[in-house]
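**Q** Task: produce atomic coordinates for the following.
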Amino acid sequence: MSKKILWIAIPVVLLIVLFVWFKGVYNNMVTQDEGVKTAWSQVENQYQRRLDLIPNLVNTVKGYATHERETLEGVVNARAKATQTNINPENLTEESLKQFQATQSELSSALSRLMVVVERYPELKANENFKELQAQLEGTENRIAVERQRFNEVARGYNTYIRTFPNSILSGMFGFFPKAYFSAESGAEKAPKVEF
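**A** Sure, this is the predicted structure:
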């Protein structure tokens, strides 16, 4: 009788242990995946904050630099393009993230050109509204950098977890795939040349 119970108890205990392990690994993958989605939404929040500041900035500059129409239109068009580029956090692939980065980089370039134009208008640089908008934009750029870094850290933790053995077997079975990282802009590895 005791051998029969032993033959039944051992497989049942093994099944329970296996179930608890599967459950723990799966739930940890879900938790980490949600962490990646949360970190991504924080990145999007900061980019949205920048997009929201741009119309006020453009309108302020427009009042002083009326003949800089091409630069202002460039900023407006880049903003519109950036607004249309969305990524589903379920599908954070390298390709989709590169496309997102490209449109955001285009917007950053347009804003840089706008700031160069502003240098020609001392009365605009002295305008309190413009100073406030410029400070908010600079703060937002810093927040974007911080959130991108946080996203990369969370994505790295998630990617490491799902790629380690034996988790890698389960991650493929349950549809957990690696997430892409933000990378440096092309040309960022070279120091800018400064001339006086």
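**Q** buried set for the helix or strand of the chain with the lowest mean pLDDT?
**A** When each helix and strand of the chain is scored by mean pLDDT, DSSP states H and E, helix 122-125 comes last, with a mean of 82. By 16 or more other C-beta atoms under 10 Å, the buried positions in helix 122-125 come out as Leu124. C-beta: built from backbone N, CA, C; applies to glycine.
**Q** What of stretch 137-156?
**A** Neighbour counts over stretch 137-156 (16+ other C-beta under 10 Å) mark Leu137, Thr140, Arg143, Ile144, Glu147, Arg148, Phe151, Asn152, Val154, Ala155 as buried.
**Q** tell me the secondary structure for the spatially most central residue of the chain?
**A** Nearest to the geometric centre of the chain sits Val43, at 4.1 Å (C-alpha atoms, centre = their mean). Of the three states, Val43 takes helix according to DSSP: H, G, I helix; E, B strand; the rest coil.
**Q** Residues touching stretch 115-123, excluding its own?
**A** Val61, Tyr64, Ala65, Glu68, Thr71, Leu124, Lys125, Phe130, Gln134 (C-beta atoms under 8 Å, 6 or more residues apart in numbering).
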